[in-house]
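>>> starting from these lines, generate the structure:
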Amino acid sequence: QVQLVESGGGLVQAGGSLRLSCAASGTAFRSDNMGWFRQAPGKEREFVAAMTWTGAVPYYGDSVKGRFTISRDNAKNTVYLQMNSLKPEDTAVYYCAASRKRFAVNPTDFDSWGQGTQVTVSS
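Below you'll find the predicted structure:
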């Protein structure tokens, strides 16, 4: 398994930007597809973005396409989520996750999870 620690959350005004980081430890990192989910109070965990291990192909949830960008730096064992044009509805706890399944979007297909980082977007 991979151990994951998120950072970079905070409070930002609508229209602003934040970059989240997820530092991974464990030898499995370079075999994992890495992703981001979010969960707002009273709502289900929502797929945000992920990147495959082979080919580094990114894919996104519909609500963030064109605004968020996922990337990974294998030398640093880190995956990033650049969030631009933030909206109040982006407010949630954001989780980093790892999966062995290519193009996984279902939380049950992700094996390892971070503790989450809060993102709050004010209007």
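
>>> strands along this protein, start to end?
3-7, 10-13, 18-25, 33-39, 46-51, 58-60, 68-73, 78-83, 92-99, 112-113, 117-122 (DSSP state E).

>>> isn't residue 38 up against residue 45?
Yes - judged on CB atoms under 8 Å, residue 38 makes contact with residue 45 at a distance of 7.3 Å. Any C-beta I mention is one placed from the backbone N, CA and C, and that applies to glycine too.

>>> and for those two, which residues touch both?
Common contacts of residue 38 and residue 45 (CB atoms under 8 Å, 6 or more residues apart in numbering): residue 95.

>>> neighbour-wise, which of these two wins?
When residue 38 and residue 45 are compared for neighbours, residue 38 comes out ahead with 23 against 17, by other CB atoms under 10 Å.

>>> apart from its neighbours in sequence, what residue is nearest that one?
residue 92 (3.8 Å; CB to CB, 6 or more residues apart in numbering).

>>> is it true that that neighbour touches residue 117?
No - Residue 92 is not in contact with residue 117 according to CB under 8 Å; the separation is 10.0 Å.
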